[in-house]
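Visitor: starting from these lines, generate the structure:
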Amino acid sequence: LLAGVAIFSTVFALKADPAGGPGLIFFVLPSIFPQLAYGTIWSTLFFSLLFMAALTSAISILEVVTAYMIDQKGWSRKKATLVFGSLITIVGVFCSLSMGGGINLTSWMDKTFFDFMDELSSKYMLPVGGLLTAIFVLKEWGVKSFVSELGQKIIGTKEDLLIFKIFFLISSLLIGFILFNEIILEITGKAIVG
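Guide: Next up, the predicted model:
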């Protein structure tokens, strides 16, 4: 919360675009650190910790696909990690190169490869993943098993189970509509809602 207050007050002081997103950290903070006592030390420490946070997040993301290949396909951990770590690294390199005026695989779309991958994941892949998860819980796993896996004892009666099923059904329909709305927007240029 304090970091957000510091960054956004500096954004407005520098007359920067507050809609800049995560890139603000690389624009705003380098202008603050030189004004602090021992700013070089603080900036080195901050960006080293930021790198470690990004690295540990990337490892946890890689673990999902690695665990699937180990459990379902019988791959060794080393093979799964090398294959998918390499694929993720290649995509990441092309994302980075598209931002700096280098190789941009989606220049014909008038957007960087980074923006294309960001849009693909946030507008399509996340809703599809949420929709499939909700359908899986409703049809295959069962709401009762899902809630017990969470370690919760909140389903005691059939009415409780029905309420959870209704919530999952509503969330599935909402996610499906969001996805459909985005596809209609891409095809026609006008969304149904929004």
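Visitor: could you check which helix or strand contains Leu105?
Guide: Per DSSP states H and E: Leu105 is located in neither a helix nor a strand.
Visitor: pretty sure it sits against Lys111.
Guide: No: between Leu105 and Lys111 there is no contact under CB atoms under 8 Å: 10.5 Å. For glycine as for every other residue, the C-beta is placed from the backbone atoms N, C-alpha and C.
Visitor: can you tell me the SS state at Gln72?
Guide: At Gln72 the chain is in helix, as set by DSSP: H, G, I helix; E, B strand; the rest coil.
Visitor: in contact with it, which residues?
Guide: Not one residue lies near Gln72 by CB atoms under 8 Å, 6 or more residues apart in numbering.
Visitor: same thing with Leu29?
Guide: With CB under 8 Å, 6+ apart, Leu29 has these contacts: 7, 43, 46.
Visitor: look up the closest residue to the last one, ignoring the ones flanking it.
Guide: Looking back up the chat, that one is Phe46. Leu29 (6.9 Å; CB to CB, 6 or more residues apart in numbering).
Visitor: okay, and that neighbour sits in which element?
Guide: Assigned by DSSP H and E, Leu29 falls in helix 24-32.
Visitor: may I see the buried residues of that helix?
Guide: 24, 28-29, 32 (16 or more other CB atoms under 10 Å).
Visitor: out of these, who's nearest Leu131?
Guide: Leu131 lies nearest to Leu24 out of the buried residues of helix 24-32, by CB to CB, at 31.5 Å.
Visitor: give me the neighbour count for the residue nearest to Cys95 when sequence neighbours are not counted.
Guide: Distance criterion CB to CB, 6+ apart; nearest residue to Cys95, sequence neighbours excluded, is Phe114 at 4.2 Å. Counted with other CB atoms under 10 Å, the neighbours of Phe114 add up to 18.
Visitor: show me what the helix or strand that Phe114 is a member of packs onto, helices and strands only.
Guide: In this structure, Phe114 is located in helix 113-119 according to DSSP H and E. When contacts are defined as 3 or more CB pairs under 8 Å, 6 or more residues apart in numbering; DSSP states H and E, helix 113-119 packs onto helix 77-99.
Visitor: which residues in this structure form strands?
Guide: With DSSP state E, there are no strands along the chain.
Visitor: what about it, any weak spots by pLDDT?
Guide: Where the chain drops to pLDDT under 70, the residues are 152-156.
Visitor: now the helices for it?
Guide: 2-13, 24-32, 39-73, 77-99, 113-119, 126-136, 143-149, 158-188 (DSSP state H).
Visitor: looking at the ones you listed, which is nearest to Gly194?
Guide: When the helices of the chain are compared by CB to CB, helix 158-188 sits nearest Gly194, at 6.8 Å.
Visitor: next, the angle helix 126-136 makes with the closest one.
Guide: 150 degrees (axes from the mean of the first three to the mean of the last three CA atoms, to 10 degrees).
Visitor: drop anything exposed from the contacts of Leu29.
Guide: Of the contacts of Leu29, these count as buried by 16+ other CB under 10 Å: 7, 43.
Visitor: just give me the closest of the contacts of Leu29 to Gly130.
Guide: Ile7 (29.4 Å).
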